[in-house]
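> sequence and predicted structure below; questions after.
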Amino acid sequence: MKPILLFAFFVSLLTEIRAQDPRFSQYYAAPWSLNPAMTGLFNGRWRATVNYRDQWGSILAPNPFRTYAAAADMRFNTVNDDYFAVGLGVMHDEAGTARYSQNTAQLGGAFLKRLSGGPRQDDHYLSLGAQVGMGQHSLDWGRLWFSRQYDPVAEAPDYNLGNGEATQNGNTDLYLDFNAGLLWYAFFGENGGFAYLGGAMHHVNQPNLSFTDDGGQKLYSRWAMHGGGQFPISTTTSLLPGIQVMRQGPAFETDLGLNVRYSNNDLNELALRAGAWGRMGNRLTRGFQMDAITIVGMVELNRVIVGLSYDITVSSLSQANSSRGAFEVSMTYIHPGEKRSRVVCPTF
């Protein structure tokens, strides 16, 4: 794809839909990006997560969309079987020839309250979380050329010619960002089954992302609802269905699917997961469509969880990328606590 066409694509992002967040197909393996209420939601002392996504390399090589994210959080016990948690997360996302980049860093915290539980009773918990951070977007104008720079004799762009555009600013101003979320979950029975339901609002303050001084470009707020659980069907096998629904400005997306988990139930537990997920979204003014099918495989070994997934494009874009969508890898490490906590958390 020529740089001028890529620029037109990025301009459409900046002007028509302003700006949107990167997303992960393994959203359940990126808790920091999904819901601030998931801070500290694990069984252990502290947790570290890393996520990487490479999208549309088949048509945008050598500059595909790439997203890198990392986060770490720690939980602390309080009285009455409650706890609070703090964490730090960073993300870098870059897209296309002009390296349109998003960089964010956020501090967050959450408080988890045990609502009910005890002998012969299901355990119910409620978590409330928030994040505050800074962000900045950038664009390398030197990688783009404009129609005023095209030399019809040489049939090539002349970068020494002025482009006549307001391209002095390669970075937006640093902006302040606020996110908040709520999550309920419950354990039922004695076989490890659980269910959860959560919601979050990102970019509550709609920060300014303009590359010019007019300040006219805002980052749309993004709301997300997600739910799912783990439902054992035998002593070794369980089903992990899930759904995520998001809206950001005019863009709407739904991810839903199922992972099957097999565990050896040993002291040094080895568990395997495999599943398929579908992603559907709107085409702005063209209705709702299936976008991709994601194939997932995950390995759990003691305190480490590693996931690999691949998006198979099934929308009309498959004619251009031969159904080759995105590759994604996730890794989670959970450090065990000094003593067993009475407040238990699900494994997402």
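Structure's in. What do you need? Here the structure is a predicted model, which means the values were calculated and not measured.
> which stretches of the protein form helices?
In the chain, the helices defined using DSSP state H lie at 3-15, 31-34, 57-60, 318-321.
> okay, and the beta partners of residue 254?
With DSSP bridges as the criterion, the beta-bridge partners of residue 254 are residue 245, residue 280.
> quick one: residues contacting it.
Applying CB atoms under 8 Å, 6 or more residues apart in numbering, one finds that residue 254 lies in contact with 243-246, 279-281. In this view, the C-beta of every residue, glycine as well, is placed from N, C-alpha and C.
> what backbone torsions are found at the residue of the chain positioned farthest from its centre?
What lies farthest from the middle of the chain is residue 153; by CA atoms, centre = their mean that is 46.9 Å. With angles defined as degrees, to the nearest 10, residue 153 sits at phi -70, psi -50.
> tell me how far it lies from residue 84.
68 Å (CB to CB, to the nearest Å).
> tell me, how many residues neighbour residue 262?
By other CB atoms under 10 Å, the residues close to residue 262 number 14.
> what bridges to it?
residue 237, residue 272.
> I'd assumed residue 269 was in contact with it.
No. Between residue 262 and residue 269 there is no contact under CB atoms under 8 Å: 11.0 Å.
> which residues touch residue 102?
So residue 102 contacts 19, 21-22, 91-94, 135-137 (CB under 8 Å, 6+ apart).
> with residue 269 instead?
Residue 269 neighbours (CB under 8 Å, 6+ apart): 263, 300-302.
> then residue 52?
Taking CB under 8 Å, 6+ apart as the criterion, residue 52 is in contact with 66-69, 328-330.
> sorry, back to before: distance to residue 236, neighbour count and pLDDT for the contacts of residue 254 - can I get that in a markdown table?
Converted to a markdown table, the contacts of residue 254 look like this (distance: CB to CB, whole Å; neighbours: other CB atoms under 10 Å; pLDDT from 0 to 100):
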| residue | distance to residue 236 | neighbour count | pLDDT |
| --- | --- | --- | --- |
| 243 | 25 | 14 | 97 |
| 244 | 27 | 22 | 96 |
| 245 | 32 | 16 | 96 |
| 246 | 34 | 22 | 95 |
| 279 | 30 | 22 | 92 |
| 280 | 32 | 16 | 92 |
| 281 | 36 | 17 | 87 |
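> wait, which of those is closest to residue 163?
Each of the contacts of residue 254 was scored against residue 163 by CB to CB, and residue 281 proved nearest at 33.6 Å.
> spatially nearest residue to that closest one (excluding sequence neighbours)?
residue 253 (4.3 Å; CB to CB, 6 or more residues apart in numbering).
> my read: the one you found touches residue 246, true?
Yes. Contact criterion CB under 8 Å: residue 253 and residue 246 qualify, at 4.9 Å.
> what do the two both touch?
Residues touching both residue 253 and residue 246 (CB under 8 Å, 6+ apart): residue 23.
> low pLDDT regions in the stretch 51-200 of the chain?
Where the stretch 51-200 of the chain drops to pLDDT under 70, the residues are 57-61, 118-120, 164-169.
> hey, where'd the strands end up in it?
Per DSSP state E, counting those that start in this stretch, the stretch 51-200 of the chain has strands spanning 65-77, 83-95, 100-118, 121-138, 150-151, 156-157, 175-188, 193-202. These are given in chain order.
> just put these in a markdown table and tack on distance to residue 49.
Formatted as a markdown table, the strands of the stretch 51-200 of the chain follow (distance: least, CB to CB, whole Å):
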| stretch | distance to residue 49 |
| --- | --- |
| strand 65-77 | 5 |
| strand 83-95 | 8 |
| strand 100-118 | 13 |
| strand 121-138 | 15 |
| strand 150-151 | 46 |
| strand 156-157 | 42 |
| strand 175-188 | 16 |
| strand 193-202 | 17 |
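> residue 220 is nearest to which of those?
Short answer: strand 193-202, nearest of those by CB to CB, at 9.4 Å.
> which residue sits closest to residue 242, ignoring its sequence neighbours?
residue 228 (3.3 Å).
> who's that neighbour bridged to?
residue 196, residue 242.
> who touches it in this structure?
By CB under 8 Å, 6+ apart, the residues touching residue 228 are 28, 195-196, 240-243, 348.
> out of the residues you listed, who's nearest residue 174?
Nearest to residue 174 among those, counting by CB to CB, is residue 28 at 30.6 Å.
> who's in contact with that closest one?
34, 226, 228, 242, 348 are the contacts of residue 28 under CB under 8 Å, 6+ apart.
> one more: residue 183?
35, 37-38, 41, 126-127, 129, 196-199.
> what is the nearest of the residues you listed to residue 308?
Here the nearest of the contacts of residue 183 to residue 308, counting by CB to CB, is residue 38; it sits at 21.6 Å.
> how near is the closest residue to the closest one other than its chain neighbours to residue 161?
Nearest residue to residue 38 in three dimensions, chain neighbours excluded: residue 31, at 3.8 Å (CB to CB, 6+ apart). Separation of residue 31 from residue 161 (CB to CB) stands at 49 Å.
> these two: which is more packed in?
In this view residue 31 and residue 161 are compared by other CB under 10 Å, and residue 31 has more residues nearby, 25 against 13.
> next one: that one from residue 23, what distance?
Separation of residue 31 from residue 23 (CB to CB): 14 Å.
> buried members of the contacts of residue 102 into ChimeraX, please.
Paste this into ChimeraX to select the buried members of the contacts of residue 102, with burial taken from 16 or more other CB atoms under 10 Å:
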select :19,21,22,91,93,94,135,136,137
